[in-house]
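> Give me a 3D structure for the following:
(chains A, B, C and D)
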There are 4 protein chains.
Amino acid sequence: MCRWAAYIGQAIFLEDVVSSPSHSLIHQSHCATQCHTATNADGFGVAWYGERPEPGLFRDVLPAWSDPNLRSLTAQVKSHLFLAHVRASTGTATSRNNCHPFTAGRWAFMHNGQAGGYDGFRRDADMAIPDHLYAQRKGATDSEALFLLALAQGLDADPRAALERAAAQFIALSRAKGTTPHLRLTAALADGERLYAVRYATDENAPTLYHRWSDSRQGRAVVSEPLDADECGWEAVPAGSFCTFEGSGVKIETFTPEPVALAA
Amino acid sequence: MCRWAAYIGQAIFLEDVVSSPSHSLIHQSHCATQCHTATNADGFGVAWYGERPEPGLFRDVLPAWSDPNLRSLTAQVKSHLFLAHVRASTGTATSRNNCHPFTAGRWAFMHNGQAGGYDGFRRDADMAIPDHLYAQRKGATDSEALFLLALAQGLDADPRAALERAAAQFIALSRAKGTTPHLRLTAALADGERLYAVRYATDENAPTLYHRWSDSRQGRAVVSEPLDADECGWEAVPAGSFCTFEGSGVKIETFTPEPVALAA
Amino acid sequence: MCRWAAYIGQAIFLEDVVSSPSHSLIHQSHCATQCHTATNADGFGVAWYGERPEPGLFRDVLPAWSDPNLRSLTAQVKSHLFLAHVRASTGTATSRNNCHPFTAGRWAFMHNGQAGGYDGFRRDADMAIPDHLYAQRKGATDSEALFLLALAQGLDADPRAALERAAAQFIALSRAKGTTPHLRLTAALADGERLYAVRYATDENAPTLYHRWSDSRQGRAVVSEPLDADECGWEAVPAGSFCTFEGSGVKIETFTPEPVALAA
Amino acid sequence: MCRWAAYIGQAIFLEDVVSSPSHSLIHQSHCATQCHTATNADGFGVAWYGERPEPGLFRDVLPAWSDPNLRSLTAQVKSHLFLAHVRASTGTATSRNNCHPFTAGRWAFMHNGQAGGYDGFRRDADMAIPDHLYAQRKGATDSEALFLLALAQGLDADPRAALERAAAQFIALSRAKGTTPHLRLTAALADGERLYAVRYATDENAPTLYHRWSDSRQGRAVVSEPLDADECGWEAVPAGSFCTFEGSGVKIETFTPEPVALAA
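Reported below is the predicted structural model:
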């Protein structure tokens, strides 16, 4: 289980989400409260959109709390749309290529959750990634594979449907070769213009997801747990939801991966 | 506050102390119980004696729990005398040069504790290190400075007296320019033949120190907290003690830094 | 192109090959002479056999010349059989998981060479790795994939034939989806008892391979280029050869990957 | 010897200096031509000014050519004033704290050159740093010490005079306890508004220094060697010069450290 936070709105310094709040993402790297692992020290990353269509990406393997590069970068860089993540490994190695977010073209993706028995179907998941996206397969995590499957399923055309189909592929593989819980998924995606988030699980324990609009900031934070326990206004997203954040607007739709049959 | 474990006796694999026990040092890097910080993830190190008079030294900045090099090294290397440490920074940067143990010639040293207001007298501590030892000053920690002062005070000739004098220098500097607690010190030292440990504080809160002889292993573990809560036989060392471990023997003497006057 | 050196014989300190000779492997990380890239600074690794059937493995991403852990480890650890490698990336990322040697069970493997157009058939190479070995696929290099294919082809039963078949798979994939040169391969393997080496290319430019017996040391070095230009006695291995080193003996056989048809 | 490049003018992406030119700084990390060491792979760093008075700072220990974070950062971040550096260690460890640039308050500093026999007077150089700046002493390099001495000598009030006095302190120490060449210094400094550069040596071999105005870019590059051998317009700065770059203007003054007496 990991912790993450994303933002869309008027451009702010990344540190306004990453390190300044009382329960900032960096604070959560030490003392998360709403997940199994209080310590999320197996690497971190940020993806942010600036003047180019493709996001910037900065990832490293140190605990987020102790990296001076992260501190300096988030104090200098402003963005209207960014994703930030602190990682607690569920088994794969602590390496930059296994740190979130993952990026491809104009897309960025990060994830908190698990895919039951992933070790038993990692090769199958890799095989489902088409040739033209395989060069993007840099690490070994379930999250990166899920992202690349979603791209293959048409993320550009219909993000919700593409991610549903990718999740369905994972669920089918976990049912065939893995274990329960087959999929727990709280993820954020962005394409440079919109921010998307999903909360879903095949069992009763979908990882938490919140968002909060700030009038003073004219922007919205979307997070795996609130950045400040004393702030009011954090709205919990129900399980089985796909959220689209654009401007100040929020659209929440159902997220329902349809069962798929595996190729013979 | 950090956690550490040392061993002297018949040669064993380092992992028998570092990772195999139920509350091994690696387990303590995640879940220490007898110190303020449960997480000790700001780097780690091991120093071990083999066929040469000088110890080997392996230090890195990742959390100990996630470093495959540490896992492999401790599974392969056997030693009759070694020191291992997991670090929780009290302010200085996470860099290899700030990780314990520190070595110089045939000596190795590691430390858990604090020197009150060290930032305010770091330069004075550095100035107290003589020229011929200054090349060994690689990082910025209080612990490395204390070790080099002890070397300057005659560690080779009389370890207890040298460390008392170095501690006294630190206490005087902390009194002049720092804050309380002036010194809390639980340290281990080795010279290739003997293992030494000290437990001391200027206040009532000397960090814990234990040791335990194993008949089956024919060796002794000396630790900041027991490696296995269910094992009996862990002996607590009283505050104000300097221990010398050689063969199966233990000698415990008082440790009493005498007040020193600072140079004008 | 990378540089490597291996050793079998009476146990010596690793540094006797890695750093002490005038043109040691560390010297070659700065100034290699017999390959395209004089600088081999994209990580390094050593695998050595000690008291266990499985080798120890130490790999990191710094240039070999500047890593104090490597210097200390090779000064302390003795081994009768070890592999050491300095890397010049041909495209994949500088990460520990992409550094040689690679290990699986009691096997260790390292490689210098190239697989023409590997980016275009990486997914196919991965798909050829069977499920039970896929958990060992940690990185993204051609070398690791080739090693796992050789394991799948029966490295335990017949190392030469297994490596021939794996090389043939790579050549077929490069012919179908890659570019020339389809395969250049100078690799070393060890199983804890024997050291193997291969020199092969589909074109005229098989990377160099040498070996040299030392009477004083009672051991043999096997290298991609001589460790000391002034030493006599370095024997060049002809292209198309598979060498088995055991005790003081050398057996040299032909290495001839047979063309294979790709699965439809 | 290291390589560095700085820029002042209309805001550009950092990559326009760091990686895009044919002989960019990253290219020089592999293949420098105007210094002793062609390979500058012992870490790198960039300091850039954005919306805050203090610069951002990003440093790491990998070779610059292989760091994806550097590539992404320099492709995203624009600045009107920045410093970039690739390091070839002259002895001190490869650690982030030993990488250039160094920053303090609104100042950034980077250096190419050497201080003869620095190991013999490092402690004296440290002792010359006043208490209130000593917390900034993070690493062990001569360059960082020189920068802190210059700050102590009044960098804010008169950069040229302050750096002359700091250089004079270094020269006196090298004469007393070091070796020839006592000082070779090609450095760049910035305070957020102006860019300064110095070229000086106590012998005939002051490291090279060039600058070039670009009309199309409306900015000036200041470099240790030209970024593109085919571009005309690179102006060589004579030895013994202190340059101030502001707007499109260049002011070149003499740089003459006056001999100083050491404290008894």
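
> rest of the way, CA atoms for contacts and neighbours
Will do.

> For the helix or strand bottoming out on mean pLDDT in chain A, list the C-alpha coordinates in PDB.
None of the helices or strands of chain A scores lower by mean pLDDT, DSSP states H and E than helix A:25-31, at a mean of 88. The C-alpha trace of helix A:25-31 is given here as PDB (Å, rounded to 0.1, in the frame of the first residue of the first chain):
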ATOM      1  CA  LEU A  25       2.500  13.500   1.500                       C
ATOM      2  CA  ILE A  26       6.000  13.600   3.000                       C
ATOM      3  CA  HIS A  27       4.500  13.400   6.500                       C
ATOM      4  CA  GLN A  28       2.500  10.400   5.300                       C
ATOM      5  CA  SER A  29       5.700   8.800   4.100                       C
ATOM      6  CA  HIS A  30       6.600   8.500   7.800                       C
ATOM      7  CA  CYS A  31       3.100   8.300   9.400                       C
END
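
> Show me what that helix is in contact with.
Residues from elsewhere that reach helix A:25-31 (CA atoms under 8 Å, 6 or more residues apart in numbering or on different chains): A:3-5, A:17-19, A:38-41, A:63-65, A:84-87, A:227.

> ok, the helix or strand that it is followed by: who's next to it in the sheet?
Per DSSP states H and E, the first helix or strand lying C-terminal to helix A:25-31 is strand A:44-48. Strand pairing for strand A:44-48, using DSSP bridges, gives strand A:56-60 (antiparallel), strand A:78-86 (antiparallel).

> mind listing the helices for chain A?
A:15-18, A:25-31, A:68-76, A:118-127, A:131-134, A:142-152, A:159-177 (DSSP state H).

> With chain C in mind, check whether the fifth one reaches it.
Yes. Helix A:131-134 comes into contact with chain C (CA under 8 Å from any CA of the partner chain), by way of A:131, A:134.

> Look up the pLDDT of the nearest residue to A:Thr202 once chain neighbours are set aside for me, please.
Excluding the flanking residues, the one nearest A:Thr202 by CA to CA, 6 or more residues apart in numbering or on different chains is A:Leu183, at 5.5 Å. According to the prediction, A:Leu183 has pLDDT 98.

> Pull up the gap between A:Pro63 and B:Leu62, please.
8 Å (CA to CA, to the nearest Å).

> Any chance you could list residues touching both of the two?
Joint contacts of A:Pro63 and B:Leu62 (CA under 8 Å, 6+ apart) are B:41-42.

> Contacts only, for the nearest residue to A:Ala115 once chain neighbours are set aside.
Of all residues not flanking A:Ala115 in the chain, A:Leu183 sits nearest, at 4.7 Å (CA to CA, 6+ apart). Applying CA under 8 Å, 6+ apart to A:Leu183 gives the contacts A:113-116, A:167, A:170-171, A:174, A:200-203.

> Identify the farthest-apart pair in these.
Within the contacts of A:Leu183, two members stand farthest from each other by CA to CA: A:Ser174 and A:Tyr200, at 15.3 Å.

> what's the burial count for A:Pro53?
13 (other CA atoms under 10 Å in any protein chain shown).

> What of the one 5 residues further on?
For A:Phe58, the tally of surrounding residues (other CA under 10 Å) stands at 24.

> Was I right to think it contacts A:Tyr49?
No. The criterion here is CA atoms under 8 Å, and A:Phe58 misses it with A:Tyr49 at 12.0 Å.

> From A:Cys2, how far out is the most centrally placed residue in chain A?
Closest residue to the average C-alpha location of chain A: A:Met110 at 2.3 Å, with CA atoms, centre = their mean. Using CA to CA, A:Met110 is found at 10 Å from A:Cys2.

> Please apply the same query to A:Cys232.
A:Cys232 is 23 Å from A:Cys2, by CA to CA.
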